[in-house]
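Novice: Predicted structure and sequence below. I'll ask about it afterward.
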Amino acid sequence: MGRIVLDKVTKSFGDVTVIPPLDLTIEDGEFTVFVGPSGCGKSTLLRLIAGLEDVSSGAILIDGQDATSIPPAKRGLAMVFQSYALYPHMTVRKNIAFPLRMAGMDKAEQNRRVEQAADVLNLTAYLDRRPGQLSGGQRQRVAIGRAIVREPSAFLFDEPLSNLDAALRVGMRLEISEMHNRLQTTMIYVTHDQVEAMTMADKIVVLHAGHIEQVGSPLDLYRAPKNLFVAGFIGSPK
Ligand code: ADP
Ligand code: MG
């Protein structure tokens, strides 16, 4: 579960078209990176998939089902943002369990899921601490833990590491890749950072002014960039 198809999706704000008709298929279990300069429409695309914005035309299919009429909470997707709001008075355990508590899930199942997420994220030793006693990277992991416990069919990341310093970013990149290896769940990861795209992606989608310049593996894009924009962005010698 976790195949996402965008079928002639467009998005306009007023009379400004931000996404012209766009087709894209994301296979189940794939780690897809949307990369492109600031303002090219990466967040808008992610928000359309998440259901936080409505498409202007076209359709989004999640596991074959038209998602247009499915509200965000029912799409089975979990979004991780760059700014994460943890509750300072709650322990890590309570912060991670928050969405499950809100959904009224029974306590034993909540604990099972929280402990599993903590294991994936190396947070087991920190479950009884509060956010103020954690590093920036650990706090980001708690925010990701909150997404994991919902057992989504896909994770959507919008520049989740851009608030971290350079050294932490490298570590978190590895952790997210490791998390993908363990969970094998579809992940869409938005970044303007070429290095993140090249090191993390199974498939890179290069965006420019709302349209797709090229889709391919990091190696495909590096070896055979379609045009100068892609070459310049990926840093390959064209
Ligand atoms: P990125 O995430 O790649 O930096 P965005 O998806 O945030 O780009 O924005 C793409 C374009 O859409 C930008 O020109 C931005 O100004 C515009 N845009 C995004 N959201 C809105 C909105 N709610 N209203 C009007 N314009 C918007
Ligand atoms: Mg953005």
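Specialist: Everything's here; your move. Numbering: from 1, shown residues only. Ligands and ions are numbered 1, 2, ... in the order given.
Novice: Near ligand 1, which residues of the chain are found?
Specialist: Residues of the chain lying near ligand 1 by Cβ under 6 Å from any ligand atom: 13, 18, 36, 38, 39, 40, 41, 42, 43, 44. Using the backbone N, CA and C atoms, a C-beta is placed for each residue, glycine as well.
Novice: at 5 Å what do you get?
Specialist: Contacts of the chain with ligand 1, taken as Cβ under 5 Å from any ligand atom, map to 13, 18, 38, 39, 40, 41, 42, 43, 44.
Novice: any idea of the mean pLDDT for stretch 41-53?
Specialist: Averaging pLDDT along stretch 41-53 yields 96.
Novice: any residues touching that stretch, and which ones?
Specialist: Stretch 41-53 has contacts (Cβ atoms under 8 Å, 6 or more residues apart in numbering) with 4, 6, 9, 11, 18-19, 22, 34-36, 54-55, 60, 67, 70-72, 75, 77, 79, 156, 158, 188, 190-192, 207, 209-210.
Novice: So which residues of the protein form strands?
Specialist: Under the criterion DSSP state E, the chain contains strands at 4-13, 16-26, 31-35, 57-62, 65-66, 77-80, 154-158, 186-191, 203-208, 211-216.
Novice: Flag the shaky bits of this structure, pLDDT-wise.
Specialist: Within the chain, the segments meeting pLDDT under 70 span 83, 236-238.
Novice: ok, 80 please
Specialist: 1, 81-84, 163, 235-238 (pLDDT under 80).
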